[in-house]
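Visitor: build the 3D model from these lines:
(one chain, ligands or ions: 1)
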Amino acid sequence: MNRTQLIEELRRIVGPRGLVHRQEDLLTYDADGCVMDTGEPHVVVVPETTAQVAAVVKLAARAGVPIVPRGAGTGLSGGATPIQGGIVVSTARMDKVLEVDVRNGRARVQPGVINFELSQQLKPYGYQFAPDPSSQKACTVGGNIANNSGGPHCLKYGITASHVLGLEVVLPSGEVIWTGDGTPQTAGYDLTGVLTGSEGTIGLVTEAWVKLTRLPEAVRVVLALFPDIAGSSATVSQVIASGLLPAALEIMDRLAIKAVNDMYKLGLPEAAGAALLIEVDGVEDGLDELLHEITAICQRNGALEVRPARTLDEQTRVWAARKNAFGAMGRLAPTYYLVDTVVPRTKLPYTLEQVGVIAKDYNLPIANVFHAGDGNLHPLILFDRRNQSQNQRALEAATQVMHVSIEQGGVISGEHGIGVEKQDYMTLLFSTDDLAAMAGLHQSFDPLDLFNPGKVFPKGKGCGELAALRRAGVEWGALKAAGMM
Ligand SMILES: Cc1cc2nc3c(=O)[nH]c(=O)nc-3n(C[C@H](O)[C@H](O)[C@H](O)COP(=O)(O)OP(=O)(O)OC[C@H]3O[C@@H](n4cnc5c(N)ncnc54)[C@H](O)[C@@H]3O)c2cc1C
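Guide: Okay, here's the model as predicted:
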């Protein structure tokens, strides 16, 4: 089937409004938030129903064309980038909250619902969708599920996987299944768990039952300012080790403070080397005591001052500064490369010190804005993409951060997914047998390797082939040496 025939068949399925095929319009879909990798789609469809998605997937299987699911494209690992072309399936028109079932503590939603919108719609009922990525005003629930995303409040409430009760999924065969019925426990294999975090490689989520979380009765927010990042990160591990559980513990270092200070009129002193944003929530009773215990730990670790955000407006501004800090990097450099790793909380001070060393070694500024409570680092390497040397140094510096994190017992992604960006680091973290088991699982869902191909697994051959070679006992190292990866 040639491209013209493919477009005609797709038009019959999704209608003219659900089709994007002009060259200039396709440019919008050639990357996600990670601008390091791009790829042009054959065509983009924007379906409205599960039946349309299933028909598109069946057609793609018949034509041997890849399917690339796409939410809002805010992923920072190239997950929604059509690096091998194919049909990009955008969920932008599947954006409804279909049912709010307060009595059972759940809501049924379409995948294109914007994360923030969902919580807004739940607010009148006294509930929220707890996972709150900093990108929540743009990212979709489908993208959150596919990347198993986190957010500032996931320290207390858990990441997306803890808030998904069942999924309607179109499989690579075009079959439509439900992985659960929206009740907290299901019998049999945990297919919801398998699908969550699978980055669109084994199924396209078309509906989801998500868990409702009660809005807290009261909230307190403070900013603790430290002379350097070591004191703030040591505070984080001591707070958790003391058995205290804040709603959020987020750190911004000196460069990040510089980027957001003026923009959000925070008035933070230049002497501050790090700001630790602390939020506690729950019932009013006892909240001040909890906050007092936490700020006492800040003081023991050399905090310069602790500033409460006294009004709702102040709280909103502090959170806006934190959540929009990545965007504010534009004040410091034309481009940033975000590295997303996790280390055990106790390793934060050493790892961050090493990030500082890497910045010096590669002569590039690195800002740090991160979910410290989860040990989830986000070093932002600042550079100018038009400068070849800086480009190269940014990539090398990112690799060094990965290595340091893994040496400290960490992992290579906290929340943004593996996508294209981190696929080659998978061999640093997983054994050949681990990867073969994953490839085998992938193959059982997607034997033709048509769902988001060229992602997650180390570069080279398709997963099916890798799994088969592995079953035949071929070592990962040998595959690499033979140029197959
Ligand atoms: C400024 C900024 C801040 C961020 N902060 C955070 C943060 O705090 N925490 C965090 O976790 N992430 C964060 N991110 C990363 C990103 O926003 C999240 O990973 C988000 O969940 C991606 O959602 P999306 O709708 O944009 O998905 P996309 O980027 O469109 O897609 C992400 C992946 O999901 C797949 N996918 C999308 N929809 C579906 C579907 N319906 N079915 C199957 N697969 C699908 C895609 O193929 C791709 O592999 C941030 C990004 C930015 C730009």
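
Visitor: got a list of what residue 372 touches?
Guide: When the contact criterion is C-beta atoms under 8 Å, 6 or more residues apart in numbering, the partners of residue 372 are 232-233, 236, 249-251, 276, 345, 348. Quick note: C-beta positions are derived from backbone N, CA and C, even for glycine.

Visitor: tell me the spacing between it and residue 264.
Guide: Using C-beta to C-beta, to the nearest Å, residue 372 is found at 19 Å from residue 264.

Visitor: cool, residue 233 as well?
Guide: Applying C-beta to C-beta, the value for residue 233 to residue 264 is 23 Å.

Visitor: neighbour count winner among these two?
Guide: residue 233 (31 against 19; other C-beta atoms under 10 Å).

Visitor: check which helix or strand covers that one.
Guide: Taking DSSP states H and E as the definition, one finds residue 233 inside helix 229-241.

Visitor: buried set for that helix?
Guide: Under the neighbour-count criterion of 16 or more other C-beta atoms under 10 Å, helix 229-241 has 229-240 buried.

Visitor: check stretch 346-360 too.
Guide: Under 16+ other C-beta under 10 Å, the buried positions of stretch 346-360 are 346-349, 351-352, 354-356, 358-359.

Visitor: which segments of the chain make up each domain?
Guide: According to automatic domain parsing, the chain comprises the domains 3-90, 97-214, 218-327, 333-407, 430-481.

Visitor: distance to residue 424 added to those, as JSON lines?
Guide: Listed next are these as JSON lines, based on distance: least, C-beta to C-beta, whole Å:
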{"stretch": "domain 3-90", "distance to residue 424": "12"}
{"stretch": "domain 97-214", "distance to residue 424": "15"}
{"stretch": "domain 218-327", "distance to residue 424": "24"}
{"stretch": "domain 333-407", "distance to residue 424": "9"}
{"stretch": "domain 430-481", "distance to residue 424": "6"}
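
Visitor: can you redo those as TSV with distance to the ligand and mean pLDDT?
Guide: Below are the domains of the chain laid out as TSV (distance: least, C-beta to the nearest ligand atom, whole Å; pLDDT from 0 to 100):
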stretch	distance to the ligand	mean pLDDT
domain 3-90	2	94
domain 97-214	2	96
domain 218-327	4	93
domain 333-407	7	93
domain 430-481	5	75
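
Visitor: about what we covered before: name the next helix or strand downstream of the helix holding residue 233, please.
Guide: Next in line after helix 229-241, if elements are assigned by DSSP H and E, sits strand 248-253.

Visitor: give the pairing partners of that next one; include direction for each.
Guide: Take DSSP bridges as the rule and strand 248-253 pairs in its sheet with strand 274-282 (antiparallel), strand 366-370 (antiparallel).

Visitor: residue 186: what's it in contact with?
Guide: Counting by C-beta under 8 Å, 6+ apart, residue 186 touches 166, 179-180, 192.

Visitor: give me that answer again for 6 Å
Guide: Counting by C-beta atoms under 6 Å, 6 or more residues apart in numbering, residue 186 touches residue 180.

Visitor: for residue 400, same thing?
Guide: residue 358.

Visitor: now the angle from the host helix or strand of it to strand 366-370?
Guide: Element membership of residue 400 [criterion: DSSP H and E] is helix 388-407. Interaxial angle of helix 388-407 relative to strand 366-370 (axes from the mean of the first three to the mean of the last three C-alpha atoms, to 10 degrees): 40 degrees.

Visitor: mind listing what's buried in helix 388-407?
Guide: Buried, per 16+ other C-beta under 10 Å, within helix 388-407: 390-391, 393-394, 397-398, 400-406.

Visitor: my guess is residue 140 contacts residue 69, does it?
Guide: No - under the criterion of C-beta atoms under 6 Å, residue 140 is not in contact with residue 69, lying 10.2 Å apart.

Visitor: more neighbours, the two?
Guide: residue 140 (30 against 26).

Visitor: list phi and psi for that one.
Guide: phi -100, psi 160 (degrees, to the nearest 10).

Visitor: residue in the stretch 301-450 of the chain nearest to the ligand?
Guide: Taking C-beta to the nearest ligand atom, the ligand has its nearest neighbour within the stretch 301-450 of the chain at residue 415, 2.9 Å off.

Visitor: show me what contacts that residue?
Guide: Counting by C-beta under 6 Å, 6+ apart, residue 415 makes contact with 149-150.

Visitor: mind redoing it with 8 Å?
Guide: Residue 415 touches 133, 147-151, 159, 340, 371, 376, counting by C-beta under 8 Å, 6+ apart.

Visitor: what does residue 331 give?
Guide: 258-259, 263.

Visitor: run the last query once more with 6 Å
Guide: For residue 331, the contact set (C-beta under 6 Å, 6+ apart) comprises residue 259.

Visitor: what of the one 4 residues further on?
Guide: By C-beta under 6 Å, 6+ apart, the contact list for residue 335 reads 383, 385.

Visitor: and it, its phi and psi?
Guide: The phi/psi pair for residue 335 (degrees, to the nearest 10) is phi -140, psi 150.

Visitor: one step back: wait, which of the strands paired with strand 248-253 is closest to residue 422?
Guide: Minimum separation from residue 422 across the strands paired with strand 248-253 (C-beta to C-beta) falls at strand 366-370, 16.7 Å.

Visitor: kindly reformat the strands paired with strand 248-253 as JSON lines containing mean neighbour count.
Guide: Conversion of the strands paired with strand 248-253 to JSON lines gives the following (neighbours: other C-beta atoms under 10 Å):
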{"stretch": "strand 274-282", "mean neighbour count": "24"}
{"stretch": "strand 366-370", "mean neighbour count": "27"}
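
Visitor: quick check: which of those is nearest to residue 23?
Guide: Counting by C-beta to C-beta, residue 23 lies closest to strand 366-370 out of these; the figure is 36.5 Å.

Visitor: which outside residues touch the next helix or strand after the closest one?
Guide: Sequence order places strand 376-377 as the next helix or strand after strand 366-370, per DSSP H and E. With contacts defined as C-beta under 6 Å, 6+ apart, strand 376-377 is touched by 341-342, 370, 414.

Visitor: just stretch 449-463 next, same as before
Guide: Outside stretch 449-463, the residues touching it (C-beta under 6 Å, 6+ apart) are 66-68, 83-84, 172, 199-201, 418-419, 423-424, 426-427, 439, 442, 464, 484-485.
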